[in-house]
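K.L.:
Structure here, sequence nowhere to be found:
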């Protein structure tokens, strides 16, 4: 068991969430959690939406996506619906909405967050390091202010949004048992199997789900980081620092407890 810490846990609060989705029309609710394959999942579900509405396209695997084609084309709102070009649904969704959320080990997600915000977008001061970043994220989430951190006010909302615990999104803290939880992993075969199970529950025909799942091991986003050595070094440094791990636990304790992730004992 992890040791007790004097660092106060950050109380739960609901996350502010994006609303740019039409997937619920297919009987699918996708909980978009940042740094948890959110962009790839939107690309997967967008292609599924195009199959469902009969919107002609050729599936393309890509390594530099930032938006799904659905977002880029405004969901074809002028062409989809009764009396319009794309009015037919190519299969009947399930009677109950299928809830899907991709979850990720809190430490691995935090390392990805650090690389995304500090190394890619340079939002963490002049000489960032992952231990200072850990304290700064704790301060930001606890006080809702950048005062006392290396962050700038203009970046507060984007940092706050990406750093929130997974269980703050989509009422996962209370409702996680009703979600198909997809475990973010380098084991893409296992990920595809879990997503396929969720799409089966949503009554998606296998011919379509098998096509869109090619993105899981064949596509990537423009900000994905594939330097495994760097990720491994950051993870090791974080896990071996007692104070930093106490801050991680004080922020993400519900992610560990409710989503079934193990905590490393120092």
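P.N.:
That came through fine. Bear in mind that the values here come from a model prediction, so they are computed numbers and not experimental data.

K.L.:
per-domain residue ranges of this protein.
P.N.:
Recorded structural domains for the chain (assignment: automatic domain parsing) are 27-103+180-218, 114-169+230-259.

K.L.:
gap between the shortest one and the chain center?
P.N.:
Read that as domain 114-169+230-259. Relative to the mean C-alpha coordinate of its chain, domain 114-169+230-259 is positioned 15 Å out (C-alpha atoms, centre = their mean, to the nearest Å).

K.L.:
On the three-state scheme, residue 196 is what?
P.N.:
helix (DSSP: H, G, I helix; E, B strand; the rest coil).

K.L.:
who touches it in this structure?
P.N.:
209-210, 213 (C-beta atoms under 8 Å, 6 or more residues apart in numbering). (Each C-beta comes from the backbone N, C-alpha and C, glycine too.)

K.L.:
What distance do you get for it to residue 48?
P.N.:
12 Å (C-beta to C-beta, to the nearest Å).

K.L.:
residue boundaries of the strands in the stretch 1-150 of the chain?
P.N.:
Using DSSP state E, counting those that start in this stretch, the strands of the stretch 1-150 of the chain run over residues 28-31, 98-103.

K.L.:
Throw the ones you listed into CSV and include mean pLDDT, distance to residue 61 and mean neighbour count, thanks.
P.N.:
Shown next, in CSV, are the strands of the stretch 1-150 of the chain (pLDDT from 0 to 100; distance: least, C-beta to C-beta, whole Å; neighbours: other C-beta atoms under 10 Å):
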stretch, mean pLDDT, distance to residue 61, mean neighbour count
strand 28-31, 94, 20, 22
strand 98-103, 97, 19, 23
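
K.L.:
TSV for those strands, including distance to residue 6?
P.N.:
Compiled in TSV, those are given as follows (distance: least, C-beta to C-beta, whole Å):
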stretch	distance to residue 6
strand 28-31	33
strand 98-103	28
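
K.L.:
hang on, the earlier thing: least reliable of the domains of the chain going by mean pLDDT?
P.N.:
Among these, domain 27-103+180-218 carries the lowest mean pLDDT, at a mean of 92.

K.L.:
burial measure for residue 167, as a count.
P.N.:
Neighbourhood size, residue 167 [other C-beta atoms under 10 Å]: 25.

K.L.:
Would you check that it makes contact with residue 176?
P.N.:
Yes - using C-beta atoms under 8 Å, residue 167 is in contact with residue 176, at 7.2 Å.

K.L.:
Now for the two: what residues contact both?
P.N.:
By C-beta under 8 Å, 6+ apart, the residues touching both residue 167 and residue 176 are 258-259.

K.L.:
quick one: contacts for residue 165?
P.N.:
Residue 165 sits in contact with 12, 106, 251-252, 254-255, where contact means C-beta under 8 Å, 6+ apart.
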